[in-house]
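K.L.:
Quick one: sequence plus predicted model below, questions after.
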Amino acid sequence: MTLSDKFQKYGIYALYLTCFICFFSSALTAIFSVIMLVCWLASGTFKNIPLILKENSITLIGIVFCTLLLVGIIYSPAPLEVSLDFFKKYRVLLFIPIVLSLTKGQPNMAGNIVNALLLGYLFVLVNDYLVDFGLITMNKLALKRYGGGFLVIFAYLVLQRSMLEKKRRFLWGGFFLIISYHIFFILNTRTGWLIFIALAVLFISQYFFIKKQLIFYIVSLFLLLGIFYTSHSVQNRVSETIQNLQNYDVEKLNSRDSVGLRLDWYQNSIELIKEKPVFGYGTGAWEIAQKSLVEGTSTQPATDPHNEFLLTTVQIGFVGLSVLLSLFIDPLLRSFKLIRRKEDAQAFALQATVLFLFIGCFLNSWILSTMPSHIFAFLIVAFYPVRESSRHVSPPE
């Protein structure tokens, strides 16, 4: 093994550790990411970048998006440190070409990346169950404090493995049930519940022919009704959401509940977009722009509108929004190419990856957040590339 090969191997190990640790610590995630970057440079695999950019158009989209944010720093009214902090949070999009070039030609990369993510999630899952059952005290790792709806993608991936790995079907099926209980009975995440339903519909449409889809949809509906009447968390959050919507006053913009606050901020964003629609206010400028807009009113200030699409448009205009939308459209187009190549399982997982982030970005700024953005980037690395090996997964009869 040459020195270059050794650095590549160490870089891949750092990648796996980054996948695992992104659930626990932003600081450690940054450290292992830097180690991966150093190994990428030392191994010489950065020379693969031109070919990676040519073969994977999503890498160019990420680079263009980050470039727009970089240019947005120049004309942003926000302090330089604030603009740089916003820009830094989107650097995960640059991980995609780096990781693809680092791992090019390495076997079993997709499965290893997903396994590393699943292992990290398993630790989170065990911790949440221990907290919920009162066996340990509440801690920073327990995601029930602030949702964790992005974890729902793992329910899809585990359910998919139960379809693909027949010898371990009951193992993966049991894991899916454990995850489902975690989502609906432990996590307090309306976004996650919505994504779960959307992914369930997607999964049924992917893996079953039309004559069986209706049956599974009906069964799923009854299961959801059963969950609603047995989960106090679901009942309370749904009732709270309905009440918040009923109490919302579109004219006053003075909400203090979670739903009303978002609606206020969405309206603020639309007003700001009308003022500077093309290139926006600049990177990191949402908070300052909104503060000027709501000064003297009772609207609650915020650092972002909890909507990635509105945040992007306010910062870098419709130019930036078009690039952001391409980040979702491009993988969908790639999934159809994979299906034509008989790479059904990979294509289906890629579609699920896009769907989970797309819905999440409507209700949160998930690309701005560490965990969901890293999960998305690593799953893109796993499922986006066109590889030589193929595995055809036909829907059951």
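P.N.:
All right, it came through fine. Residues are numbered from 1 along each chain as shown.

K.L.:
And the helices in the stretch 101-250 of the chain, which stretches?
P.N.:
109-132, 152-164, 169-181, 190-207, 210-230, 232-247 (DSSP state H, counting those that start in this stretch).

K.L.:
Mean confidence (pLDDT) on the first one, please.
P.N.:
In other words, helix 109-132. The average pLDDT for helix 109-132 rounds to 93.

K.L.:
How about that helix, which residues are buried there?
P.N.:
Of all the residues in helix 109-132, those buried under the rule 16 or more other Cβ atoms under 10 Å are 109-110, 112-114, 116-118, 120-122, 124-125, 127-129, 131-132. C-beta: built from backbone N, CA, C; applies to glycine.

K.L.:
for that helix, packing partners?
P.N.:
helix 3-21, helix 152-164, helix 370-383 (3 or more Cβ pairs under 8 Å, 6 or more residues apart in numbering; DSSP states H and E).

K.L.:
Taking their axis directions, the last one and helix 109-132 sit at what angle?
P.N.:
Counting by axes from the mean of the first three to the mean of the last three Cα atoms, to 10 degrees, helix 370-383 points 150 degrees away from the direction of helix 109-132.

K.L.:
what do you get for the longest one?
P.N.:
Calculated by the same axes, to 10 degrees, helix 3-21 forms an angle of 30 degrees with helix 109-132.

K.L.:
which residues touch helix 3-21?
P.N.:
Residues from elsewhere that reach helix 3-21, judged by Cβ atoms under 8 Å, 6 or more residues apart in numbering: 1, 28-29, 32-33, 35-36, 38-40, 42-45, 99, 102-103, 106, 109, 112-113, 116-117, 119-120, 374, 378.

K.L.:
If you go by neighbour count, which of those are buried?
P.N.:
Buried among the contacts of helix 3-21 (16+ other Cβ under 10 Å): 29, 32-33, 35-36, 39-40, 42-43, 45, 99, 102-103, 109, 112-113, 116-117, 120, 374, 378.

K.L.:
circling back to that earlier point, would you mind finding the most buried of the helices and strands packed on helix 109-132?
P.N.:
Each of those was given a mean neighbour count from mean count of other Cβ atoms under 10 Å, and the largest, a mean of 24, is that of helix 370-383.

K.L.:
Make CSV out of the helices and strands packed on helix 109-132 and add mean pLDDT and distance to L187.
P.N.:
As requested, the helices and strands packed on helix 109-132 are exported to CSV (pLDDT from 0 to 100; distance: least, Cβ to Cβ, whole Å):
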stretch, mean pLDDT, distance to L187
helix 3-21, 96, 20
helix 152-164, 96, 9
helix 370-383, 95, 13
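
K.L.:
got those helices as a markdown table, with distance to V319 columns?
P.N.:
Formatted as a markdown table, the helices and strands packed on helix 109-132 follow (distance: least, Cβ to Cβ, whole Å):
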| stretch | distance to V319 |
| --- | --- |
| helix 3-21 | 31 |
| helix 152-164 | 29 |
| helix 370-383 | 21 |
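
K.L.:
Out of the ones you listed, which is closest to I242?
P.N.:
In terms of Cβ to Cβ, the element of the helices and strands packed on helix 109-132 nearest to I242 is helix 152-164, at 21.8 Å.

K.L.:
what angle do the closest one and helix 370-383 make?
P.N.:
Using the same axes, to 10 degrees: helix 152-164 against helix 370-383 is 30 degrees.

K.L.:
now for helix 152-164, which elements pack on it?
P.N.:
helix 109-132, helix 169-181, helix 190-207, helix 344-363.

K.L.:
Please name every helix or strand in contact with the second one.
P.N.:
This points to helix 169-181. Using 3+ Cβ pairs under 8 Å, 6+ apart, helix 169-181 is in contact with helix 152-164.
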